[in-house]
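Enquirer: the sequence and its predicted three-dimensional model are supplied below.
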Amino acid sequence: MIGSTIGNYEIDELIDEGGMGSIYLGIHKYLPRKAAIKILNPLLKSKPDIIERFRNEALVLSRLQHPNIVALYDYIENQEGYFIIMEHVEGENLAEYIETTTGPIPQKRTINLFLKILDAVGHAHSQNIIHRDIKPSNFIITPDNNIKILDFGIAKSIDGSSKTLTKTGFKVGTTFYMSPQQVKGQVLDRRSDIYSLGVTLFQMLTGQPPYDEESSEYDLYHAIINEPFPDPREFYVGVSEDMQKIIQKATSKRPLDRYQSCEEFSKALLGISQSSKIKIPLAMKTRLMDLASEEESKPPVLNRNFWRSLLLLVISTLFVAAIAVGVYFSFKTDMRHIIANKQPLYEEMDEHAPVVEKLKFGEQLKVISPRVLMDKNGELWYKVVSMRGNSGFIPAENLAEKKIYEQINSMFENTTAREMTPVFYKKLLRNYFARNRLFNTVNREWKLFALDKKPFEYNYIAKADFNNNDVEDFACVLKNNTDNKRKLLIFLDNSNKPIAFDYDEQIKIKAIPKGRKGGAWYLGNNLVKKTGKNRRIKTNKYEYLPVDGLLVYKEESKQAIVFKLNLEENIITYFEQPN
């Protein structure tokens, strides 16, 4: 699709890709305007129900004009396919923003952002449209701190103006954020969105969803229908009691017990007193000072005891300040961030020990061991305290100081790429960025992006045993967001530096298993076949790989290249495949 034209827009680059279709960045040929162009997967063009759902999304967007809802520019159907042309919004989706940038968002800022969300959803409700899939990943935070709703893919009109796309008994939405009525497949109204908004508010304030991400679908359904909604204060100490009550009401099991409209929800948030008390464990106070509420101090009364009181106040203030400085520096000793994707906090220095809690990438911890600790197997550990006040042990290699964590985090354009990259290769990739000055302002457009694909499908990350030593190696494609330049990096587990290749066009990669499983490939050798009349014909010889290899596909030239490591000479060789 890159380089083709849809309407007045030239397709510039791929933004995202999924089972239903792909989203591309389009540049208007005559106007200084960008657009996000959603293209229905061509394989689904024969499915009338999918086409109707795609049209419905465009129809819903056409009825919504609001500063916090992505705008529809056009909808096109032709022989080439089905296209929704929308406003292109720069920023990061709210789920990734929480997970990789902020963690729990301070209550005051959460309220400011969430009021905009409520205003946008309320506008949709005023047009008799319910969203049915409200969740953080469907909102985007812009660089100027605005927020917009992106996706109305399964939204439904409740005024009878559009066809019914689902029937009673059919569940729609994303499980974590479903209301009990969605889980049961019942008829939905605006109050189902209110419930999902309450779950989203919970995640903004606590930095995580209310249920264990590894729970089975059955367990989630059971919890949503039968169990009390979790108390956010048990997940994160920076949530006030007033806010807990608001979330509790929004997520009530019975629709009648919830807020009946987004406007009512907004009024409740606006009514939270500035002096809402947040109970913070002593060990965490130095890290949550921005969450503590401020109280106005009363002016002193000037009576005959004033000056003596003032003198005592100064002395006591200096004394308290001295203690505070000591406490501050005792807590300031060593703060580090998790750089593993999902990290258990263990009771002991043993990965088979009971788990205190599960931590996410980016969470900040306080190291309380005076030095790095070593277990009986020679592995290094730190004793730490989590944001929720729990203490335990974490492998030292999975922690990083703030600057290194921020650099690692900045390398990834989306969560999928970060989650697909093991900690060991995150560090090697970070070293590569540092050596090649890719963290500098001039070069900061180099990013690693990945798709949620199966290992045998093309992607921008591939993992295999390229050097045949039973340890997983790592390959990735860095893209430059300002042009078509790409870097292919191949990291071997026994080397600190990658093998790098530069390309001037878009490429994708996938691993090739060695032997029969990976199929036969042209590796530069030829066969001579005899034909009739003693004639000989030279043909390409196709062979199984002796080690795991890498297949690189150049999208514009449609050229496939096989890379493999020559173990004898310890060099990478590559072979263009015949078309």
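Expert: In hand now; what should we look at?
Enquirer: for the closest residue to I246 other than its chain neighbours, give me its contacts.
Expert: Closest residue to I246 apart from its sequence neighbours, by Cβ to Cβ, 6 or more residues apart in numbering: A268 at 5.2 Å. Bear in mind the C-beta positions are built from the backbone N, C-alpha and C, glycine included. Residues near A268 by Cβ atoms under 8 Å, 6 or more residues apart in numbering: I246, K249, Y259.
Enquirer: A268 belongs to a helix, doesn't it?
Expert: Yes - looking at A268 with DSSP: H, G, I helix; E, B strand; the rest coil, it is inside a helix.
Enquirer: restricted to helices, list the contacts of A268.
Expert: Those of the contacts of A268 mapping onto helices are I246, K249, per DSSP state H.
Enquirer: quick one: contacts for M411?
Expert: K426, L429, R430, F433, K447, L448.
Enquirer: got the contact list for N484?
Expert: Listed by Cβ under 8 Å, 6+ apart, the contact partners of N484 are D504, E505, Q506.
Enquirer: can you give me the distance of the second one to Q208?
Expert: Going back to what we said before, that points to E505. 40 Å (Cβ to Cβ, to the nearest Å).
Enquirer: the more surrounded of those two?
Expert: Using other Cβ atoms under 10 Å as the criterion, E505 and Q208 rank with Q208 on top: 21 against 13.
Enquirer: the strands in the stretch 51-200 of the chain, which residues?
Expert: Assigned by DSSP state E, counting those that start in this stretch, the stretch 51-200 of the chain shows strands spanning 72-78, 81-87, 92-93, 129-130, 139-141, 147-149, 156-157.
Enquirer: who touches the fifth one?
Expert: Same thing as strand 139-141. By Cβ under 8 Å, 6+ apart, strand 139-141 touches 70, 89, 91-94, 97, 113, 117, 147-150, 200.
Enquirer: can you say which of those are buried?
Expert: 70, 89, 91-94, 97, 113, 117, 147-150, 200 (16 or more other Cβ atoms under 10 Å).
Enquirer: out of the residues you listed, which one sits closest to L488?
Expert: Nearest to L488 among the buried ones among the contacts of strand 139-141: E92, at 25.8 Å, using Cβ to Cβ.
Enquirer: residues in contact with the closest one?
Expert: E92 neighbours (Cβ under 8 Å, 6+ apart): T101, I140, I141.
Enquirer: the spatially closest residue to the first one that is not a sequence neighbour pairs with what?
Expert: For T101, the nearest residue in space outside its immediate sequence neighbours is E92; the separation is 6.9 Å by Cβ to Cβ, 6+ apart. Listed beta-bridge partners, E92: I141 (assigned using DSSP bridges).
Enquirer: distance check, V423 against R55.
Expert: V423 is 45 Å from R55, by Cβ to Cβ.
Enquirer: same question, T539
Expert: Counting by Cβ to Cβ, the gap from T539 to R55 is 51 Å.
Enquirer: the more surrounded of the two?
Expert: R55 (18 against 9).
Enquirer: quick check: the more buried one touching I84?
Expert: No - in terms of Cβ atoms under 8 Å, R55 does not count as a neighbour of I84; the distance is 9.0 Å.
Enquirer: find residues that contact each of those two.
Expert: Y75.
Enquirer: tabulate the buried ones among the contacts of strand 139-141 (CSV), appending pLDDT.
Expert: Shown next, in CSV, are those (pLDDT from 0 to 100):
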residue, pLDDT
V70, 92
V89, 91
G91, 89
E92, 88
N93, 89
L94, 92
Y97, 88
L113, 94
I117, 95
I147, 94
K148, 93
I149, 92
L150, 85
T200, 96
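Enquirer: now those residues in CSV, with distance to P180?
Expert: Listed next are the buried ones among the contacts of strand 139-141 as CSV, based on distance: Cβ to Cβ, whole Å:
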residue, distance to P180
V70, 29
V89, 32
G91, 32
E92, 31
N93, 26
L94, 23
Y97, 28
L113, 26
I117, 22
I147, 27
K148, 28
I149, 23
L150, 26
T200, 16
